[in-house]
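>>> here's my sequence, what's the structure:
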Amino acid sequence: MSPSPRKDDPGPQVRQQMPRAKVLADSARQPGPFVRTSTPCDCRALEAFHAWRNETLKPSFNTLIDFSNWGLPGAGKRAVIELVTAWVQVPKGESSRLRMFTRLGQIPSNLDLVLVPQGEVAGQSVFIASHSLRSYTDNLIEFCVNRDNATTSGSALICVSGYLVDAP
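The predicted structure follows:
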């Protein structure tokens, strides 16, 4: 069961306000984003997306962070995730791990992503990740932040970037 969207989460509003590209059949210039059909282009950019979640990690060994509130990939679409970045902060001396869950049809994908320690800031251990990858999903984009202490809290910021294609 998917959690209800947070009231302070801008995901749905951002997606609604994103301008759609205009496709021109000739070389005439018009204001706004456009693509000329007579020259090659990176057409994936026409369906690009960015989504992020900033979450408090409550005391627990595992915290799931769900991206369903962004409406990705949407009906009839498949998301191609090409970049994942993450920042995790936990109390000094703790460690953390990150796993991404997606699903293509009924087949799940569980990808372990490396978090690299960056040192300590104000008594907190800081970990980051930046992964260029290619992962596909028809409906599920979720992350699990795993920690070695279930009695303290922390925080995480996870961002995904990619593009949408028509589902087969």
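
>>> helix, strand or coil for residue 79?
strand (DSSP: H, G, I helix; E, B strand; the rest coil).

>>> I'd like the numbering to begin with 26 instead of 1 from here.
That works, and once the first residue is 26, the last one we named lands at residue 104.

>>> okay, and the beta partners of it?
Legend: beta-bridge partners of residue 104 under DSSP bridges are residue 162, residue 189.

>>> quick check, pLDDT for residue 153.
Listed pLDDT for residue 153 reads 98.

>>> so which helix or strand takes in it?
strand 149-162 (DSSP states H and E).

>>> residue 128 and residue 167, how far apart?
9 Å (Cβ to Cβ, to the nearest Å). Using the backbone N, CA and C atoms, a C-beta is placed for each residue, glycine as well.

>>> equivalent analysis for residue 139, please.
For residue 139, the distance to residue 167 - Cβ to Cβ - is 18 Å.

>>> neighbour count for these two, which is higher?
Neighbour comparison, residue 139 and residue 167: the larger count goes to residue 167, with 18 against 12 (by other Cβ atoms under 10 Å).

>>> double-check the more buried one against residue 92; I have them as touching.
Yes. Judged on Cβ atoms under 8 Å, residue 167 makes contact with residue 92 at a distance of 6.6 Å.

>>> next, the buried residues of stretch 143-161.
150-152, 154, 156, 160-161 (16 or more other Cβ atoms under 10 Å).

>>> typo on my end, stretch 128-144
Buried, per 16+ other Cβ under 10 Å, within stretch 128-144: 128, 138, 140.

>>> please apply the same query to stretch 83-100.
85, 88, 90-92, 94-98.

>>> widest-spaced pair of the residues you listed?
Within these, 85 and 98 form the most distant pair, 28.2 Å apart (Cβ to Cβ).

>>> for the spatially most central residue of the chain, list each beta-bridge partner.
Geometric centre of the chain, nearest residue: residue 185, 2.5 Å, by Cα atoms, centre = their mean. For residue 185, the beta-bridge partners under DSSP bridges are residue 76, residue 109.

>>> wait, it touches residue 108, no?
Yes. Counting by Cβ under 8 Å, residue 185 touches residue 108, with 7.0 Å between them.

>>> show me the helices in the chain, by range?
Taking DSSP state H as the criterion, the chain carries its helices at 36-42.

>>> is it true that residue 152 touches residue 110?
No. Using Cβ under 8 Å, residue 152 is not in contact with residue 110, being 11.8 Å away.
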